[in-house]
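1. Sharing a model that was predicted from the sequence below.
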Amino acid sequence: MPKFSANLGFLWTELSLPEAIHAAKRAGFDAVECHFPYETPAESVAAALKETGFEMLGINTRLGINGPDDFGVMAMPGREDEARGYVDEAVAYATAIGCRNINCVPGKTGGTTRAEEVYRRNLAYACAEAAAQGVGIVIEAINQRDAPGYHFSLVKQGVETIQAVGAENLRLMFDCYHTQIMEGDLTERLRKTLPFIGHVQFAAVPDRGEPDAGEVNYPSLLAALDDMGWSGYVGAEYRPRLTTEAGLGWMQAYR
């Protein structure tokens, strides 16, 4: 089975970020990732990572001045300065904590051609700034049920964007939860897009709870991912049905 990363955007949210990193270590995870760490001083996060021997696999660019109503601004026409400010912030934070990837969140654009042009230009900027610090950039398809109007929701759209930008450090974050809702056929989609994938995430479908129930057979899918030669991590980006601690039985069962 793959190595598992705890997404601290959803897990141990009652704790501070440094405390959550230590909690993930005690629980048996192999690494951590999060969404928006910016309210926590980078030196505190870096210290917790050093103490646990963990790597922070990913952080997100901010959602925008309107928060969830924006759901990102990287593809928002007319907001390029704001978007690039978030890129600069994310690159600086990622560099300070040794973070592997930054997820550049595009926003609720409706997927227009103009928005895609803006996205590609901003991604080119992000990739250049991140590459100078040895950091990767990832992009993620998000389903239209959870985020109506989100810029892109299909894996093939993400691949097209990656190919158009043409940056060596731009990859796809393949989220099994979102992709199952929009497209299904997860094993074949993983196989076809594996050369473009920089990170994988999972959660139960449809409730986004622990990955031990619902319509996806994750033990089978993760075994197939192993057979494909995936050597990276799989991020546990789920919302605990009760508490984080109460729902961790899946991890030992899968190992």
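-> Yep, that arrived.
2. what's the pLDDT at residue 113?
-> We note a pLDDT of 98 for residue 113 in this prediction.
3. repeat for residue 2
-> The predicted local confidence for residue 2 comes out at a pLDDT of 82.
4. how many neighbours does it have?
-> Residue 2 sits with 18 neighbouring residues when counted by other Cβ atoms under 10 Å. All C-beta spots, glycine's among them, are computed from the backbone N, C-alpha and C.
5. again, but for residue 38
-> For residue 38, the count of nearby residues is 15 (other Cβ under 10 Å).
6. got a list of what residue 75 touches?
-> Residue 75 makes contact with 106, 107, 109, 115, 116, 118, 119, 122, 151 under the criterion Cβ atoms under 8 Å, 6 or more residues apart in numbering.
7. That one should be in a strand, yeah?
-> No: note on residue 75: no strand contains this position according to DSSP: H, G, I helix; E, B strand; the rest coil, which reports coil.
8. So which of the contacts of residue 75 are in helices?
-> Taking DSSP state H as the definition of helices, those contribute 115, 116, 118, 119, 122.
9. How many residues are close by the first one?
-> What that stands for is residue 115. Residue 115 has 20 neighbouring residues, counting by other Cβ under 10 Å.
10. Could you check what's spatially nearest to it, not counting adjacent residues?
-> Excluding the flanking residues, the one nearest residue 115 by Cβ to Cβ, 6 or more residues apart in numbering is residue 109, at 3.6 Å.
11. tell me the contacts of that neighbour?
-> The neighbourhood of residue 109, defined by Cβ under 8 Å, 6+ apart, consists of 75, 76, 77, 115, 119, 149, 150, 151.
12. quick one: pLDDT of the nearest residue to residue 52 once chain neighbours are set aside?
-> Nearest residue to residue 52 in three dimensions, chain neighbours excluded: residue 25, at 4.1 Å (Cβ to Cβ, 6+ apart). The model reports residue 25 with a pLDDT of 98.
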